[in-house]
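Asks: everything below, folded, please.
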Amino acid sequence: MSDSPTPAPNDAATATPAPDAGAAARQLLGMKGAGETTNIWKIRLQLMKPVTWIPLIWGVLCGAAASGHFQWRPDHVLASIACMVMSGPLLAGFTQTINDYYDREIDAINEPYRPIPSGAIPLSQVRVQIWVLLLAGLAVAWGLDLWAGHSTPVLLLLALGGSFVSFIYSAPPLKLKQNGWLGNYALGASYIALPWWAGQALFGQLTWTTALLTLAYSLAGLGIAVVNDFKSVEGDRALGLRSLPVVFGIGKASWISAGMIDVFQLAMVAVLIAIGQHFAAVLLVLLIVPQITFQDIWLLRDPVAYDVKYQASAQPFLVLGMLVTALAIGHSGLTQLAPVSLAL
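Replies: I've put the predicted structure just below:
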């Protein structure tokens, strides 16, 4: 009989695996591949998808720049921050929460770890969150109208309009997202045009010219919205939603996405040249080039596997291009032409 000591347990084999920090971060941001948590406030935050707030916050900044009247003084800075909170955490949070509420069957197929299909939060609490975010966003919009001295509540009307679009995008019977073109354009306009209009109306006048330009820019946003559809192909196909990847297939839809993103940004280059903003036009071209490069590396090769990497690498150049365009518009005098009926 051997007197050798009994081997100690293998610590590496028996130790509890360390939590995946990346999955935890994705959970807080509401991104694909998120981890799970029992913390109700983290779950509520996941429903609001903070990663989606960035374009709206940036859109407000672009609108303020395009107004030509923003000044670096305390009241203007605080008003712009309030407008960003309204557009991002509150109304975008409302949009994402109500979308998850109505998409719970699709998410049960595509992303079963999401808070609602996983059972991490009761539907009654989700409904309360929807109403709290909506009413808080409308209250901030009304307060901003009071601060700006608007006789017509421009910000409140924009917030109501955007909230209505968010509702019909997700909820039956209209459920715009059932139509790949219409739903993605509604999403693109909500993420580019609406926050831009809010920022511009807060500090100056929203004109028909800039309203139409931002709606055209939103067609590039349609291309970005298509990227979000690749992760949902299985569930969309199972439930009869006609997203572009379902209708055209993943390969063709990736080319449609890239084409929309590039063509309508290049259209903005042509507009900048037409209004005499040549330096801004050159800067915008220089920002489009790396987007095309990342499309080749990630989007066109495997958009299902690389959608997050593509958006993380390419989207910063898109939003910087928006700011370049906004600053050029603000300096061109277009904001002084033909105000829309809601603006002062």
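
Asks: so which residues of the stretch 151-300 of the chain form strands?
Replies: With DSSP state E, counting those that start in this stretch, there are no strands along the stretch 151-300 of the chain.

Asks: all the helices of it, in order from the start?
Replies: Assigned by DSSP state H, counting those that start in this stretch, the stretch 151-300 of the chain shows helices spanning 154-170, 180-203, 208-229, 233-238, 244-248, 250-274, 278-294.

Asks: give the contact list for Y101.
Replies: For Y101, the contacting residues are 116, 123, 126-127, 130, 170, by C-beta atoms under 8 Å, 6 or more residues apart in numbering. No exception for glycine: its C-beta is placed from N, CA and C like everyone else's.

Asks: and these, which is closest to S243?
Replies: For the contacts of Y101, the residue nearest S243 by C-beta to C-beta is S170; the value is 13.7 Å.

Asks: can you redo the helices of the stretch 151-300 of the chain as CSV with mean pLDDT, mean neighbour count and distance to E111?
Replies: Shown next, in CSV, are those (pLDDT from 0 to 100; neighbours: other C-beta atoms under 10 Å; distance: least, C-beta to C-beta, whole Å):
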stretch, mean pLDDT, mean neighbour count, distance to E111
helix 154-170, 97, 20, 15
helix 180-203, 94, 25, 18
helix 208-229, 91, 22, 12
helix 233-238, 86, 18, 8
helix 244-248, 94, 21, 16
helix 250-274, 96, 18, 18
helix 278-294, 97, 17, 24
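
Asks: out of the ones you listed, flag the one nearest T325.
Replies: Closest to T325 of the helices of the stretch 151-300 of the chain is helix 250-274 (C-beta to C-beta; 5.4 Å).

Asks: for that closest one, which outside residues touch it?
Replies: Contacts with helix 250-274, where a contact means C-beta under 8 Å, 6+ apart, come from 213, 216-217, 219-220, 222-224, 226-227, 229-230, 233, 243-245, 247-248, 278, 280-281, 284-285, 288, 291-292, 295, 299-300, 303-304, 318, 321, 325, 328.

Asks: apply 6 Å and report the result again.
Replies: Residues outside helix 250-274 that contact it (C-beta atoms under 6 Å, 6 or more residues apart in numbering): 219-220, 222-223, 226-227, 244-245, 280-281, 284-285, 288, 295, 299-300, 303, 325, 328.

Asks: got the contact list for the spatially closest residue to L222 that is not a sequence neighbour?
Replies: The shortest distance from L222 to any non-neighbouring residue, by C-beta to C-beta, 6 or more residues apart in numbering, is to G188 (4.2 Å). Residues counted as contacts of G188 (C-beta under 6 Å, 6+ apart) are 218, 221-222, 225.

Asks: 7 Å - rerun?
Replies: 218-219, 221-222, 224-225 (C-beta atoms under 7 Å, 6 or more residues apart in numbering).

Asks: same deal with A108?
Replies: Taking C-beta under 7 Å, 6+ apart as the test, what A108 contacts is P117.

Asks: got the CA coordinates for stretch 282-300 in PDB?
Replies: What follows is stretch 282-300, C-alpha atoms only, in PDB (Å, rounded to 0.1, in the frame of the first residue of the first chain):
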ATOM      1  CA  VAL A 282     -13.600  67.000 -48.500                       C
ATOM      2  CA  LEU A 283     -13.800  66.200 -44.800                       C
ATOM      3  CA  LEU A 284     -17.000  64.200 -45.300                       C
ATOM      4  CA  VAL A 285     -15.400  62.200 -48.100                       C
ATOM      5  CA  LEU A 286     -12.400  61.400 -45.900                       C
ATOM      6  CA  LEU A 287     -14.800  60.100 -43.200                       C
ATOM      7  CA  ILE A 288     -16.700  58.000 -45.800                       C
ATOM      8  CA  VAL A 289     -13.600  56.100 -47.000                       C
ATOM      9  CA  PRO A 290     -12.900  54.200 -43.700                       C
ATOM     10  CA  GLN A 291     -16.600  53.300 -43.500                       C
ATOM     11  CA  ILE A 292     -16.300  51.600 -46.900                       C
ATOM     12  CA  THR A 293     -13.100  49.900 -45.700                       C
ATOM     13  CA  PHE A 294     -14.900  48.500 -42.700                       C
ATOM     14  CA  GLN A 295     -17.800  47.400 -44.800                       C
ATOM     15  CA  ASP A 296     -15.400  45.300 -46.900                       C
ATOM     16  CA  ILE A 297     -13.800  43.900 -43.700                       C
ATOM     17  CA  TRP A 298     -16.900  43.100 -41.700                       C
ATOM     18  CA  LEU A 299     -20.300  43.900 -43.200                       C
ATOM     19  CA  LEU A 300     -20.000  42.300 -46.600                       C
END
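
Asks: ok now the helix or strand encompassing Y310, how far from the chain's centre?
Replies: Element membership for Y310 (DSSP states H and E) is helix 303-332. Its chain's C-alpha centre and that of helix 303-332 lie 12 Å apart, by C-alpha atoms, centre = their mean, to the nearest Å.
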